[in-house]
Every structure is written in structure tokens, then in C-alpha cells.
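**Q** Okay, structure incoming, though there's no sequence with it:
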Ligand code: THU
């Protein structure tokens, strides 16, 4: 199911989602694309709020969209982010998003792709990025 992951396609979807970013306060635009085991892709962007703390990261937008549609099995997520008019650097998921991912995936199997472009992709497992996550 997750044997072959089309990394470039997933990053392209994340780049497209980034265009939808609502980030008037930080001007930091983030896009994410989440691949399910059935091959479906859910995208998300960051959505900011004037009150700041209600802001939702792109990764969680993608996860919450998928979960709310009944999806429970995931292979990978691609993440891209950059400040307006600044060349993209690798955009790693924040700690809150890592904990949310850990809620729904097997950390040693789930792939996190961070990319500067379709030609510059880094690949990790969630376990590498977030070992010993909190669980009850
Ligand atoms: N952001 C994300 O969308 N994902 C992350 O993993 C880290 C940060 C967003 C939140 C906020 O809109 C902006 O980036 C600056 O923190």
C-alpha cells in the first residue's frame, strides 16, 4: 500500500496547497499533502487568526480534513513552507503537528517529506523526527 510513494507528486500537491495559505500575520506560507493508504491525497494550508492562537498549521489542516472524511490509514505527508519573497528552506513540522501525526500513524512507518522544491526533497520517518511521543 505504501511501498511506492510518488514523492514528487506529493510535493507538487503541497506546493499547490501552499498557494491557498491564509497567513496575513506571519507572511509564512505553508502547504501540506497527506497520502492515504488507498492512494487519496488530502491537502492543507496554514490558516491564521488575528487572535494568533487559533492558527492552524498546514499539516493539521490536511490531517483534520482527512480524519473528518473518515480516513484512518496514512502513508506519508509532504510539507513545504516559506516566507513571502524568500527562497524556500526545508519546513519541518512543529511539535504540535508531530504529536497530532503520532495520534494517527505508526511513527516508524509514516514518511515525512520536507522539500525546498520538487527537486530537493528530504525524507524521514515520523519516529526519527519525534521519538518517544506522548501516549496514554
Ligand atoms: N506553520 C505551519 O503551517 N506548519 C508548521 O509546522 C509550523 C508553522 C505555520 C503556522 C503559522 O501560520 C506560520 O506557519 C508561522 O508560524
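**A** Right, received. Where do you want to start? What you see is a predicted model, and the numbers here were worked out from it, not measured in a lab. Residues are numbered from 1 along each chain as shown.
**Q** anything in stretch 86-93 near the ligand?
**A** Yes. Using CB under 6 Å from any ligand atom, stretch 86-93 reaches the ligand at residue 93. From N, CA and C alone the C-beta is placed, and that goes for glycine too.
**Q** centre of the chain versus that stretch, how much separation?
**A** 12 Å (CA atoms, centre = their mean, to the nearest Å).
**Q** Which helix or which strand is home to the nearest residue to residue 61 once chain neighbours are set aside?
**A** Nearest residue to residue 61, sequence neighbours excluded (CB to CB, 6 or more residues apart in numbering): residue 44, at 3.0 Å. In the assignment (DSSP states H and E), residue 44 maps to strand 41-45.
**Q** From the contact counts, what lies against that strand?
**A** Contact partners of strand 41-45 among helices and strands, from 3 or more CB pairs under 8 Å, 6 or more residues apart in numbering; DSSP states H and E: helix 7-18, strand 28-36, helix 58-68.
**Q** Could you tell me which residues make contact with the nearest residue to residue 105 once chain neighbours are set aside?
**A** Nearest residue to residue 105, sequence neighbours excluded (CB to CB, 6+ apart): residue 74, at 5.3 Å. Counting by CB atoms under 8 Å, 6 or more residues apart in numbering, residue 74 makes contact with 34-37, 66, 104-105, 110.
**Q** Done for today, thanks.
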